[in-house]
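Asks: Sequence first, then the predicted structure, then my questions.
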Amino acid sequence: MDAMQAQAMSLATKRRLEIQLIRIDSALQRLESGKFGDCSRCAEPIDSKRLEFDLSVVLCIDCANNAER
């Protein structure tokens, strides 16, 4: 049972890292295209404090809050 649990945890960690890499690659593409820091939904600038926390965010706080509803 422990080996199965460890394997499941390892797979989950690998998947989280893969997702993080995709988000970073996407941020680099936005940087190269001149769209980094702009909300992908409303095109308004994303607050710099939000970007400092996570450079890979794609939505401003208003759009992120509306997406959760």
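Replies: Okay, I see it.
Asks: dump the residue contacts of Leu11.
Replies: Contact partners of Leu11, counting by Cβ atoms under 8 Å, 6 or more residues apart in numbering, are absent. The C-beta positions use only the backbone N, C-alpha and C, and glycine is treated the same way.
Asks: host element of it?
Replies: Taking DSSP states H and E as the definition, Leu11 sits inside helix 2-33.
Asks: mind exporting the next helix or strand after that helix as CSV, just the C-alpha atoms?
Replies: Remark: after helix 2-33, the chain's next helix or strand is helix 48-53, criterion DSSP H and E. In CSV, the C-alpha atoms belonging to helix 48-53 read as follows (Å, rounded to 0.1, in the frame of the first residue of the first chain):
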residue,chain,number,x,y,z
SER,A,48,2.3,44.5,-10.7
LYS,A,49,1.8,43.0,-7.2
ARG,A,50,-0.2,40.1,-8.7
LEU,A,51,2.6,39.5,-11.2
GLU,A,52,5.3,39.7,-8.4
PHE,A,53,3.4,36.9,-6.6
